[in-house]
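Asks: After the sequence you'll find the predicted model.
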Amino acid sequence: MWRVVIYLGLVVAGLIESLRLHVPFFNDNGSANPDEPYKLEQPEMSKAVYGRLGEGDDVAHFSFTAPVGHEPALILLIPAPSYTNYGLRASIRVFGPGLPAEGITSELTEQFMKIVGHEYVMVQSYTDSVQVAGEFHVTVERIAGKGTYCFCLGTGETRKIPRELFTRVDEIINRDELAKI
């Protein structure tokens, strides 16, 4: 019996160890100027960039450089408090070499999910193989409401994230939860 308990404990520890996460970044000052986008270095490493959209802050600009064959995974999440309490609705649009001049935007969804103890709504995702190397621009565009968004890029997850980054994510999401009370 004790061998089964030890075995199960090792399996659970292995599963926890294999948990992989996006590294959080914070776009505190916004990136409203298309000539000065928030630059995302190493697009192969997963990042979750938190920012805010609202009246007067309708668009956030991001950029990354990708080689031919790279498959950037772009995901737009909205923390549930911003989605339900403040009606934030947003979308992403991708511009770059080999893409139409008006950019590409994928279909909007509404998929609720829990990530590291917080409820999010995945509203959009986009993945495609890069056909022409170069610099790509992504806009996060406010459709309605206001609040916090989380723009994710990359598939190379990591397990080594400092606890203070998670504390900051908690503060950002809880700010929107508590402000509605």
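Replies: Perfect, I can see it now.
Asks: what ranges do the helices span in this protein?
Replies: Under the criterion DSSP state H, helices of the chain are mapped to 2-17, 80, 163-179.
Asks: State the mean pLDDT of the second one.
Replies: Average pLDDT, helix 80: 94.
Asks: The first one too?
Replies: In this model, helix 2-17 has a mean pLDDT of 38.
Asks: again, but for stretch 102-118
Replies: Within the predicted structure, the mean pLDDT of stretch 102-118 is 89.
Asks: Now that stretch - C-alpha only, CSV.
Replies: Only the C-alpha atoms of stretch 102-118 are listed here, as CSV (Å, rounded to 0.1, in the frame of the first residue of the first chain):
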residue,chain,number,x,y,z
GLU,A,102,-5.3,45.2,-43.9
GLY,A,103,-3.8,42.5,-41.7
ILE,A,104,-5.3,39.2,-40.6
THR,A,105,-7.7,38.7,-37.8
SER,A,106,-9.2,35.4,-36.7
GLU,A,107,-12.7,34.6,-35.6
LEU,A,108,-13.8,35.7,-32.1
THR,A,109,-14.6,33.1,-29.6
GLU,A,110,-15.8,33.0,-26.0
GLN,A,111,-14.0,30.2,-24.2
PHE,A,112,-13.9,30.4,-20.4
MET,A,113,-10.8,28.8,-18.8
LYS,A,114,-8.9,28.8,-15.5
ILE,A,115,-5.2,29.6,-15.5
VAL,A,116,-3.1,29.6,-12.4
GLY,A,117,-6.1,30.3,-10.2
HIS,A,118,-7.8,33.0,-12.3
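Asks: okay, now the nearest residue in space to residue 113 that is not next to it in sequence: neighbour count?
Replies: Leaving aside its chain neighbours, residue 113 sits nearest to residue 120 (5.5 Å; criterion: C-beta to C-beta, 6 or more residues apart in numbering). Placement of C-beta: from N, CA and C, glycine included. Burial measure for residue 120: 24 neighbouring residues, criterion other C-beta atoms under 10 Å.
Asks: how about residue 120, what does it touch?
Replies: If you count contacts by C-beta atoms under 8 Å, 6 or more residues apart in numbering, residue 120 has them with 77-80, 112-114, 150.
Asks: what about the strands in this structure?
Replies: For the chain, strands defined by DSSP state E occupy the ranges 23-26, 38-39, 47-53, 59-66, 73-79, 89-95, 111-115, 118-127, 134-144, 147-153.
Asks: Any idea which of the ones you listed has the lowest pLDDT on average?
Replies: Set side by side, those show their lowest mean pLDDT on strand 23-26, which sits at a mean of 78.
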